[in-house]
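**Student:** predicted model follows, preceded by the sequence.
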Amino acid sequence: MQNALVPVKTDATHDELIQLVSFILDQEEYGVDVLKVREIIRMPVVTRVPNTPHYVEGVINLRGKVVPIICMRKKFGLIESENDKQTRIMVMDMDGELMGFIVDSVSEVIRISGSEIQPSPAMVAGGIDQECIAGVINQAERLLVLLNLEKMFSRDEKNLFTGM
Amino acid sequence: MPPIDCEDQELLDGFLAETTELLEKLDDDLITLEKESDDTELMNRIFRSIHTIKGASSFLGFDLLVKVAHKTEDVLNRLRKGELVVTPEIMDVILEATDLVKILVSDIKAGDIQERETEGTINKLLPFLTDAAAAATKPPLQPAAAVESVATPPSVPPSSEPAVVAEAVADSASVPPPDAAPLPVPKPAADAPKKTAAPPKPVQGKGGGDDLSDNTTVRVDVKRLDDLMNQVGELVLERNRMIQINQDLQQNDVNHVDFNEDFGKLTKRMSFVTSELQMQVLKMRMLPVEKVFKKFPRIVRSMSRDLGKEVDLQIVGEETELDRSVVDEIGDPLIHLIRNAMDHGLETPDERLAAGKTRGGTLVLAAVHEGNQIIISIKDDGRGIDTERVGRKAIEKGLITEEQFTAMGQREIFDLLFLPGFSTKEKATDLSGRGVGMDVVKTNIKKLNGLIEIKSTKDIGSEFILRLPLTLAIIQSLLVEVEREIYSIPLSSVLETLRVDQRQFHVIGGQEVLKLRDIVLPLIRLQKVFNVQPRGETEDFCYVVVVGAAEKRMGLVVSRLVGQQEVAIKSLGNYLANIPGIAGSTILGDGRVALIIDPVAMSEACE
């Protein structure tokens, strides 16, 4: 837990402003670094890819590039829901490769100062893998979970993915 | 050693590009020269190349390079004037010098100039600049003339130092000083300098400095570029036409019939222009296979000298063009195959004579187009593959059991050669024996979607045949439907398609098979392999796509055939690479992604 926190603290020295894209997943609000988000799109036709982990929804055609799509609900073990008008795909830059994540809806871009980020309480957010939680932001009206998606795939999963 | 102080980077780039090109050609020419030593045109060309390199590098202040190039030039000059005669020993030294030049050039290219040991190589060149050298290599008829002509040789460099050495050696011609470079008496001389000088060995098997070849820039014929521009111009016009049609449609001032006609025409023209464009761009990406082949004469030469074998390398069809990406990948496998042929295949002159063959072996490297494939074959007339020996070795290494071996056909035994760690050699040498080579060949060829075939007859020779796709970017494919999901199968591996009643399927040992004429075809249901949800009731009739991968045949069961289409291959990215049975993806006309099936992987999964 502590380990996951360290890089964030060093990145955002206390009063430095950071911008987050906030999105909703099963009624909870989450945030990711805006610089990692390439674009936000509506659900296109997704082509299923066989023999992949269950949370890999498939691939889409993003203006001529084939981008894999991950269902966040499935990945985090949340109850699955039907896609609706609000459903979005956040296309993120993951170590130089594009990858799309299906979320319930995308709300806004918010600015927070680095000092607002607190370590998350140990038992937060049910099924979400503790490793990708970089911290929580506790403001008057809202509680926002800050995610580090690059930590999302453990080494084993990455290997499974690339079949190595 | 001066640092790179050229302010003009452009000048340096130009120098590097030119030098690299010259050096590539030089290797080839030098090998040819050894065979046809009286070709003055060739001799002059070689001399000019090295002279150009010397001139350019002295202009840019690369002292080391100048020094090596200069001495090489001197020796070449004497060869050119007929003061020296081309012998393998001289060629060895000249080739070593050009390798050194290559290393120096690649240092410059890397932007990090190191102090390299050049004296060793230069010292080897020096003896050839003496009178004695001329005498030693000349036919004994006219040594006097040679000495005379060297009396005031224009070829001896203006700097006095080498001249002094030359004199010293010349004076003590009969008793060579122990550590000065010895006299070039044919055989021992070639070996002796290696012991005394021990220079950095530049060639590491690969033919030296092939990393020089630059694959980041392309030279394109201006005419091809002009053609391309024309096509793009046409495309722009068609785009404008399309915008116009769309506008008219938005404003509702067209009737339906007109629109249909206009749009139909536009579609036709667009498809014409794009396929022309595709051809043009494809052509620009094409390189003659010569680019890979031209470093082989050098490798074969040095190997044949190392192994004490006489080999005549014949290259056929080096003008055959194929895609850059393929050219980049086939170099390594070919080197391994050539090494194998030289080391394992061809016999020594004595063995060959004993077997009633000519002294020298022949190695034929051929490239030819066949449909949308290129076929590269490496054929030797050596001893062929000893299946018995291969089998024994495999049993010894525990790769197969005795029973398996007795049940094996010739082809299966040949397949053993591709197992990692397999080698019939008792001891690993510089050249081969670690059992890595054929594995590399297999991996690289598979990566290119190619096939390997081995033909071999004992005592007659072996032939390795590589079948490679012309390009990796765009392929012809057969689109099939599996319960409403569309998949694409590379057409190059499709042998035939059949519509079959499912009741004709048989089951043997849990494996569904189809009796197709005289063969029993194992069947793979894509619906099962890809876990596709069945939609609707299963029909009696389905389609079977017969695919071949290497020597294997199998049938893929699909619900429907959609048609044939040319598709551009898109990678699935790092995260989804290596999904069993999937080679990549492509984008269909309606913008959806379709996955491309990998028949090779499929056949392996089938086992």
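**Tutor:** That came through fine. Residues are numbered from 1 along each chain as shown, chains lettered A, B, ... in the order given.
**Student:** any low-confidence regions in the chain?
**Tutor:** Defaulting to chain A. Where chain A drops to pLDDT under 70, the residues are A:1-15, A:121-130, A:153-164.
**Student:** wait, chain B
**Tutor:** B:1-8, B:113-114, B:130-216, B:371-372, B:424-436, B:470-473, B:549-551, B:605-607.
**Student:** strands of chain A, residue ranges please.
**Tutor:** Assigned by DSSP state E, the strands in chain A fall at A:17-25, A:28-33, A:37-42, A:56-62, A:65-71, A:88-94, A:97-103, A:105-113, A:117-118, A:133-138, A:143-147.
**Student:** next one: the closest residue in space to A:V103 that isn't next to it in sequence from chain B, what distance?
**Tutor:** With sequence-adjacent residues excluded and distances taken as C-beta to C-beta, 6 or more residues apart in numbering or on different chains, A:V103 is closest to A:F23, at 4.4 Å. Placement of C-beta: from N, CA and C, glycine included. Going from A:F23 to chain B by C-beta to the nearest C-beta, to the nearest Å gives 21 Å.
**Student:** how about the strands of chain A in CSV, adding distance to B:V326 and mean neighbour count?
**Tutor:** Shown next, in CSV, are the strands of chain A (distance: least, C-beta to C-beta, whole Å; neighbours: other C-beta atoms under 10 Å in any protein chain shown):
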stretch, distance to B:V326, mean neighbour count
strand A:17-25, 42, 18
strand A:28-33, 41, 21
strand A:37-42, 32, 14
strand A:56-62, 26, 22
strand A:65-71, 22, 22
strand A:88-94, 30, 21
strand A:97-103, 25, 21
strand A:105-113, 43, 14
strand A:117-118, 51, 18
strand A:133-138, 45, 20
strand A:143-147, 42, 21
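**Student:** now distance to A:V49 too, for those, in a markdown table please.
**Tutor:** A markdown table is the format used below for the strands of chain A (distance: least, C-beta to C-beta, whole Å):
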| stretch | distance to A:V49 |
| --- | --- |
| strand A:17-25 | 22 |
| strand A:28-33 | 24 |
| strand A:37-42 | 19 |
| strand A:56-62 | 5 |
| strand A:65-71 | 8 |
| strand A:88-94 | 15 |
| strand A:97-103 | 13 |
| strand A:105-113 | 24 |
| strand A:117-118 | 36 |
| strand A:133-138 | 28 |
| strand A:143-147 | 24 |
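**Student:** give me the distance between stretch B:100-110 and the centre of its chain.
**Tutor:** 22 Å (C-alpha atoms, centre = their mean, to the nearest Å).
**Student:** sorry, wrong one. I was asking about stretch B:50-60.
**Tutor:** 30 Å.
**Student:** which parts of it are buried?
**Tutor:** B:I50, B:H51, B:I53, B:K54, B:A56, B:S57, B:L60 (16 or more other C-beta atoms under 10 Å in any protein chain shown).
**Student:** which members of those residues are positioned in helices?
**Tutor:** Among the buried residues of stretch B:50-60, the ones falling in helices (DSSP state H) are B:I50, B:H51, B:I53, B:K54, B:A56, B:S57, B:L60.
**Student:** list the contacts of the first one.
**Tutor:** By C-beta atoms under 8 Å, 6 or more residues apart in numbering or on different chains, the contact list for B:I50 reads B:L26, B:A69, B:T72, B:E73, B:L76, B:T98, B:V101.
**Student:** same check on the fourth one?
**Tutor:** Under the criterion of C-beta under 8 Å, 6+ apart, the neighbours of B:K54 are B:L65, B:V66, B:A69, B:H70, B:E73.
**Student:** and chain A, which of those residues contact it?
**Tutor:** Near chain A, judged by C-beta under 8 Å from any C-beta of the partner chain, there are no entries from the contacts of B:K54.
**Student:** ok, so of these, who is nearest chain A?
**Tutor:** B:L65 (38.0 Å; C-beta to the nearest C-beta).
**Student:** in space, what's closest to that closest one - neighbours in sequence excluded?
**Tutor:** That would be B:S57: by C-beta to C-beta, 6+ apart, it lies 4.1 Å from B:L65.
**Student:** so that neighbour makes contact with B:F15?
**Tutor:** Yes - here B:S57 reaches B:F15: they are 7.4 Å apart, a contact under C-beta atoms under 8 Å.
**Student:** burial of B:D258, as a residue count?
**Tutor:** For B:D258, the neighbour count with other C-beta atoms under 10 Å in any protein chain shown is 12.
**Student:** for B:M242, same thing?
**Tutor:** Neighbours of B:M242 (other C-beta under 10 Å): 16.
**Student:** so which strand or helix has it?
**Tutor:** helix B:222-250 (DSSP states H and E).
**Student:** list the buried residues for that helix?
**Tutor:** B:D227, B:L228, B:Q231, B:E234, B:L235, B:E238, B:R241, B:M242, B:I245.
**Student:** for B:K309, helix, strand, or coil?
**Tutor:** Here B:K309 takes the coil state, with states given by DSSP: H, G, I helix; E, B strand; the rest coil.
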